[in-house]
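> using only what follows, build the 3D model:
(one chain, ligands or ions: 1)
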Amino acid sequence: MAARTHIAETKGKIDESVEIFGWVNGRRDHGKIIFIDLRDRSGLVQIVFTPSDKELYNTANSLRSEWVVHIKGKVAKRPENMINNEIETGKVEIQPEALTVLAQAETPPFALDTDGYEIGEENRMKYRYLDLRRERLKNNLIRRHNVVRFFRDYLSERGFIEIETPLLTKSTPEGARDYVVPSRLYPGKFYALPQSPQQYKQLLMVAGFEKYFQIARALRDEDTRGDRQPEHTQLDIEMSFTNPEEVMSLIEGMVASMMKEIYPDKKMTVPWPKISYREAMEKYGTDKPDLRKDKNDPNEIAFAWIVEFPSFELDASTKEIQPVHHMFVQPRSDSISLIDSEPLKMVSTQYDWVCNGYELASGSIRIIDPELQMKVFRLLGMSEEKAKRDFGHILEAFSYGVPPHGGIAPGIDRLLMILQSEPNIREVIAFPKTGDARDPMMSSPSELDKKQLKELHLEIKK
Ligand code: ASP
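Now for the predicted structure:
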């Protein structure tokens, strides 16, 4: 058997014999001639069946949309008046010699040749594997791969080590509700899924890795909103012996080179402006301002940094004091002394990366002084006992020689959403949950059977 030719490559193989594989994208009958558009990941090509070969013609006649077929044939130049400039292979067509049906297909529940925005979400998610056949979603996922691969290479070339951290862990202090997993071996005990690898990446700095990154899943049980999902992906980064400027310029350099390579048509201002939290609030009324000059221009990307955040704020409803980012954020050195008297006046080392009205990342330098960390825990209403129980491991780790460190965690889904001009992060995630946190394809969440519940020492209260 000859090697497979990807459909997009047929344009360079005029007069050659090829073997192509793919899905029937569509079929048109013109008198006696049957035109099939065959699709693989690389593109579309036209196959022309004439009645000269009876058997072949009859098989072609049975083909329906989305059937999977194998075709052997010759690539021919199309006559001048038949050229189709809409598709990459529009100057050629395939004259088939053999056709094998590899799989038949039911009629899909919705059109696959549109952009799909017109289809109800429930249906799109239930048949996501079909939804993903559409050009737009395919391109979104391929772009996502290219962006992530760019970041991976960029960081690896600069001495960063990619390290995986556990999914079964313990409550993390990102401030959202945890997803929990009951323990079978320890009745009444639970793991928590990580809201981020925050503590692990700090512990990796204690371990001496100096530069870490991970394409990390972060799980937060929050009420879902347009650009929120129960799980999202972060490019999680941590560095030792660093400072805010170094972290910000790493991200800025990495993203600028990525944009140049993968999104050359986007307009982006460099260097990115740095705006203080106070100025952002006074001027724009938000800490994630949309700084685009022309908000109707899909190619304008206005990245910026927001700095000089307060360390703490009062929760709008409970009026309890809480960290603006998380409880490991180092206060600016000139504010540390305010912690006992005026904690709400403290300014932190936090920096947020914002774009077109969205927050893309938060990061900071971290507290490494166990005493200051304990003061923060107490300020947040934790007893010394609870703080030791929940965070004793990190305080203990800091007693064994902790390097000064800091980091950041850009959200991959949001970044791709903006760069692909999508209205929602669900459009750049292969298998997202619906807006109300369900997966209609797998029917998740779902009930457990009695045996599983028993093993997990759980009883469901009706
Ligand atoms: N863990 C933080 C977050 O998920 C990011 C960081 O501080 O590096 O927002």
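> check contacts around Asp236.
Contact partners of Asp236, counting by Cβ atoms under 8 Å, 6 or more residues apart in numbering, are 196-197, 201, 212-216, 407, 409. Glycine gets a C-beta too; all of them are placed from N, C-alpha and C.
> what do you get if the cut-off is 6 Å, keeping everything else the same?
197, 214, 216, 409 (Cβ atoms under 6 Å, 6 or more residues apart in numbering).
> neighbour-wise, which of those leads?
The most crowded member of the contacts of Asp236, judged by other Cβ atoms under 10 Å, is Pro197 (27 neighbours).
> so that one touches Thr165, yeah?
Yes - with contacts counted by Cβ atoms under 6 Å, Pro197 reaches Thr165, the gap being 4.3 Å.
> what values do phi and psi take at Val75?
Per-residue torsions, Val75: phi -80, psi 130 (degrees, to the nearest 10).
> and it, how far from Val45?
Distance, Val75 to Val45, by Cβ to Cβ, to the nearest Å: 8 Å.
> and what of Glu222?
For Glu222 relative to Val45 (Cβ to Cβ), the value is 46 Å.
> more neighbours: those two, which one.
For the pair Glu222 and Val45, the greater number of neighbours falls to Val45 (31 against 13), based on other Cβ under 10 Å.
> identify the residue spatially nearest to the more buried one, adjacent ones excluded.
Thr89 (4.4 Å; Cβ to Cβ, 6 or more residues apart in numbering).
> cool, and Ile33?
Of all residues not flanking Ile33 in the chain, Thr50 sits nearest, at 5.8 Å (Cβ to Cβ, 6+ apart).
> pull up the gap between that neighbour and Ala111, please.
Thr50 is 29 Å from Ala111, by Cβ to Cβ.
> cool, Phe209 as well?
49 Å.
> rewinding a little: got any residues that touch both of Val75 and Val45?
Thr10.
> what's the closest non-adjacent residue to the spatially most central residue of the chain?
What sits nearest the mean C-alpha location of the chain, by Cα atoms, centre = their mean, is Asp413, with 3.1 Å. Spatial nearest neighbour of Asp413, excluding adjacent residues (Cβ to Cβ, 6+ apart): Ile425 at 4.0 Å.
> and for Val354?
Going by Cβ to Cβ, 6+ apart, Val354 has Lys288 as its nearest residue, at 4.5 Å.
> ok but that neighbour is inside a helix, no?
No - counting by DSSP: H, G, I helix; E, B strand; the rest coil, Lys288 is not part of a helix but coil.
> over to it: give its phi and psi.
Dihedral angles for Lys288 - degrees, to the nearest 10 - are phi -130, psi 70.
> let me know the outermost residue of this protein.
Quick read of the chain (Cα atoms, centre = their mean): farthest out is Ser52, 50.9 Å.
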